[in-house]
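>>> okay, predicted coordinates and the sequence, questions at the end:
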Amino acid sequence: MKVWRIAKTRYAGSIDEMLNGEGARLVGGRWNSIGVRAVYCAESPSLAALEILVHLAGEDWPPYSILDIEIPDELIIEPTGSTDDTRAVGDELLKRGLAFAVPSAVNGLERTVVINPEHPDFRRITVGKIRPFVLDQRLR
């Protein structure tokens, strides 16, 4: 599965920096607790942009960068059942596997993919190159 990651350019100086999960470890996220590394991606560049836009209300828009990542399909967990406690569920899924895919909170027709950068199979992902990503100012 090809997934996309958008990050502020100041945190995208290298692929290692863009995929280390440090930001999620420091502040937590929808699918991980503070202290747990996670790399949030989307199954399309458009969804990755929407996931950024939902957090930018009233803020200046810093420069962004985008990276495409290929994850072997067999390494992506597709959870079933209740995901009410998203952080606890996400923490458990990150312990169990390299990545998991869940419906996006912004657009439930597409999926967010969360990667565990500390998983032994992390070396099996393939990454493209970091490119600038410019959000159209008409979206403000």
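Thanks, I have it.

>>> now the one residue sitting closest to the centre of the chain: closest residue in space that isn't a chain neighbour?
Nearest to the mean C-alpha position of the chain, counting by Cα atoms, centre = their mean, stands Tyr40 at 1.3 Å. Nearest residue to Tyr40, sequence neighbours excluded (Cβ to Cβ, 6 or more residues apart in numbering): Val114, at 5.8 Å. For the C-beta atoms, the positions are set from N, CA and C on the backbone; glycine is no exception.

>>> which strands and helices lie in contact with the one helix or strand the one you found maps to?
Per DSSP states H and E: Val114 is located in strand 111-115. Packed against strand 111-115 by the contact rule (3 or more Cβ pairs under 8 Å, 6 or more residues apart in numbering; DSSP states H and E) you find strand 39-42, helix 45-53, helix 86-96, strand 99-103.

>>> just say which of the ones you listed is most tucked in.
Highest mean neighbour count among the helices and strands packed on strand 111-115 (mean count of other Cβ atoms under 10 Å): strand 39-42, with a mean of 24.

>>> distance from it to the middle of the chain?
Its chain's C-alpha centre and that of strand 39-42 lie 1 Å apart, by Cα atoms, centre = their mean, to the nearest Å.

>>> may I see the buried residues of stretch 60-71?
Neighbour-count burial for stretch 60-71 flags Tyr64, Ser65, Ile66, Leu67, Asp68, Ile69, Ile71 (criterion: 16 or more other Cβ atoms under 10 Å).
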